[in-house]
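**Student:** A structural model of the following input is requested.
(chains A and B)
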Number of protein chains: 2
Amino acid sequence: MKQRIITAIVAGAIFLPIAIYGGLPFVILVYLMATVGLFEAFRMKKIGLTSVPGIISLLLLWFLLIPSSFQLHEYIKLSKLELVLIAVLLFLTYTVITKNKFSFDDVGFSLLSIIYVGLGFYYLIETRELGIIYLIFALFVIWTTDSGAYFIGRSIGKNKLWPEISPNKTIEGSLGGIFCAVIVATGFYFLVNFDEPLVVIIILAILLSIFGQIGDLVESGLKRHYDVKDSGSLLPGHGGILDRFDSLLFILPILHFLHRFLA
Amino acid sequence: MKQRIITAIVAGAIFLPIAIYGGLPFVILVYLMATVGLFEAFRMKKIGLTSVPGIISLLLLWFLLIPSSFQLHEYIKLSKLELVLIAVLLFLTYTVITKNKFSFDDVGFSLLSIIYVGLGFYYLIETRELGIIYLIFALFVIWTTDSGAYFIGRSIGKNKLWPEISPNKTIEGSLGGIFCAVIVATGFYFLVNFDEPLVVIIILAILLSIFGQIGDLVESGLKRHYDVKDSGSLLPGHGGILDRFDSLLFILPILHFLHRFLA
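**Tutor:** This next block holds a predicted model:
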């Protein structure tokens, strides 16, 4: 627990000032984190980042991460989806060259990892560009969900939530996490001038808290499926980048789409 | 062989008039073919199209197929890449709900199949919208490559091309296929008013012939990997839609990107 807190303070002391500063330094930080995240995912499936498919994957990841403020189409005549397709054609060609040693399942796994990690972290950049307040809101919802679920689950948790994937989580903890997220989001509403009315903020907090918990279960399921304990060891006491950002990767795209429909 | 020729005539008698007519009937035909193609791919991995991930997949496939002439963004505020991400998040949520019975490998395979089939057939529609002549050119290059490779391979073929994936193909046949494609493309050039000079058409024919053969090997590798003989039985003597369109799915995006860079 002590190690966990120290890591949180050190990582927060690096991440938060850069996130608040924004701009290019934050974009570079996100590129680094996403690259480590892809490395962690690929290691589970034993695909090296310096192999041919690893290099194709890295290039596609870096393309997907390009912020919308950088007008990609002015430089290359291809959309991001077209770049995905080109990567798929290269991957498939590589399965032929290696005589299926790099198999279709490997291509599918690579593609899934790149899109999940690449677009998840892309929306981290986009959320920051929308305004630091949206990012802080998302982080607060996740942190209060996590902490609320942990403490309420420990004190009154009786019924297991999803023991096959994450043995310690309880239904009481999960509901407690949502409850705490709503409380904190409401406090947030009165501190900050949001354009949206309170009821929207509360619904948003409930949705983000639920999807944040799903993102957490997805990552647990991934590790269970590939039989690893932590996605990485970059953050002592927290595991890897994917462990720490699992909820965020899941909710930032959802936050973004909801914001667009409300706008 | 007789059955094969009859099927080719019947299928051609349906496909070609609708392709020449173009417009909505052709779009509907492509939607049907792509749906059968996805069904064939999913059957290899034993994923049903009426299961929850099957329905998510079908919806994403149909979105990816929407022609560029139909202004999707006027109706929904999401790009095709964002729809891919939403499908990924739904797939991942489904892995949690089913406790990894629908596994990450299944998600990866589904995603790969949807993008390969969906965007491959999307470019079939787009190529038709570019002008029927481009589609006929691509079909002629593929047919002459296939026939040229078959007959030249049978008569002078000695050195196996890639026996682990496709045991009957020879290097002589492959080169013969490229040679025949160049001859026919050159004849085409003098019959049709292309904007591009002859040297571009010849280079195009060589590239499309090579990539068409790679597409063919990819499909063979896929069937070998999942241990099936034909992708389907829709076309007696030819196998399924994926067997028949393997080369086309591979070269139409490439033709499209090359066309854009040359334009």
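**Student:** Name the residue of chain A that lies nearest to chain B.
**Tutor:** Relative to chain B, the nearest point of chain A is residue A:108 (2.8 Å; CB to the nearest CB). To be clear about C-beta, it is placed using only N, CA and C from the backbone, and glycine gets the same treatment.
**Student:** Tally up the residues packed near the nearest residue to that residue once chain neighbours are set aside, please.
**Tutor:** Nearest non-adjacent residue to residue A:108, counting by CB to CB, 6 or more residues apart in numbering or on different chains: residue B:108, 2.8 Å away. When counting by other CB atoms under 10 Å in any protein chain shown, one arrives at 24 neighbours for residue B:108.
**Student:** what does the one 10 residues further on give?
**Tutor:** When counting by other CB under 10 Å, one arrives at 24 neighbours for residue B:118.
**Student:** Give the helix, strand or coil label for it.
**Tutor:** helix (DSSP: H, G, I helix; E, B strand; the rest coil).
**Student:** In chain A, where is pLDDT below threshold?
**Tutor:** For chain A, the stretches flagged by pLDDT under 70 are A:237, A:263.
**Student:** In the record's domain split, what are the boundaries for it?
**Tutor:** Chain A is divided into the following domains under automatic domain parsing: A:1-130, A:132-263.
**Student:** for those, which one sits closest to residue B:168?
**Tutor:** The closest of the domains of chain A to residue B:168 is domain A:1-130. By CB to CB, the value is 15.7 Å.
**Student:** Show me what whichever strand in chain A runs longest pairs with in its sheet, parallel or antiparallel.
**Tutor:** Of all segments of type strand in chain A, defined using DSSP state E, the longest is strand A:166-170. Using DSSP bridges, the strands paired with strand A:166-170 are strand A:160-162 (antiparallel).
**Student:** And the contacts of the partner strand?
**Tutor:** Contacting residues not belonging to strand A:160-162 are listed as A:167, A:169, A:170, A:171, A:173, A:174, A:217, B:96, B:99 [CB atoms under 8 Å, 6 or more residues apart in numbering or on different chains].
**Student:** what helix or strand is the residue located most distally from the centre of chain A on?
**Tutor:** Distance from the C-alpha centroid of chain A peaks at residue A:99, with 34.0 Å (CA atoms, centre = their mean). Taking DSSP states H and E as the definition, residue A:99 sits outside all helices and strands.
**Student:** contacting residues for it?
**Tutor:** B:162, B:164, B:165, B:221.
**Student:** are any of those residues buried, and which?
**Tutor:** Neighbour-count burial (16 or more other CB atoms under 10 Å in any protein chain shown) is assigned, among the contacts of residue A:99, to B:162, B:165, B:221.
**Student:** Now do stretch A:186-205: everything it contacts.
**Tutor:** Contacts with stretch A:186-205, where a contact means CB under 8 Å, 6+ apart, come from A:133, A:137, A:140, A:141, A:178, A:181, A:182, A:184, A:185, A:255, A:258, A:262.
**Student:** how far does that stretch stretch from start to finish?
**Tutor:** Start-to-end span of stretch A:186-205 (CA to CA, to the nearest Å) is 9 Å.
**Student:** Same check on stretch A:231-240?
**Tutor:** Using CA to CA, the two ends of stretch A:231-240 sit 5 Å apart.
**Student:** and the stretch 51-200 of chain A, which residues reach chain B?
**Tutor:** Residues of the stretch 51-200 of chain A lying close to chain B (CB under 8 Å from any CB of the partner chain) are A:77-82, A:84-86, A:88-89, A:92-93, A:95-96, A:99-100, A:103-105, A:107-112, A:115-116, A:119, A:162, A:164-165.
**Student:** which stretch of helix or strand covers the residue of chain A closest to chain B?
**Tutor:** Counting by DSSP H and E, residue A:108 is found in helix A:104-130.
**Student:** relative orientation of that helix and helix B:104-130 in degrees?
**Tutor:** 80 degrees (axes from the mean of the first three to the mean of the last three CA atoms, to 10 degrees).
**Student:** So what's the gap between stretch A:224-243 and the chain middle?
**Tutor:** How far stretch A:224-243 lies from its chain's middle: 14 Å, per CA atoms, centre = their mean, to the nearest Å.
**Student:** Any buried residues in it, and which?
**Tutor:** So, applying 16+ other CB under 10 Å, buried residues of stretch A:224-243: A:224, A:226, A:231, A:232, A:234, A:235, A:238, A:239, A:240, A:241, A:242, A:243.
**Student:** ok, and does stretch A:222-242 reach over to chain B?
**Tutor:** Yes: with CB under 8 Å from any CB as the criterion, chain B is reached by stretch A:222-242 at A:222, A:224, A:225, A:226.
**Student:** so who does the second one touch?
**Tutor:** Shown in contact with residue A:224 (CB under 8 Å, 6+ apart): A:165, B:100.
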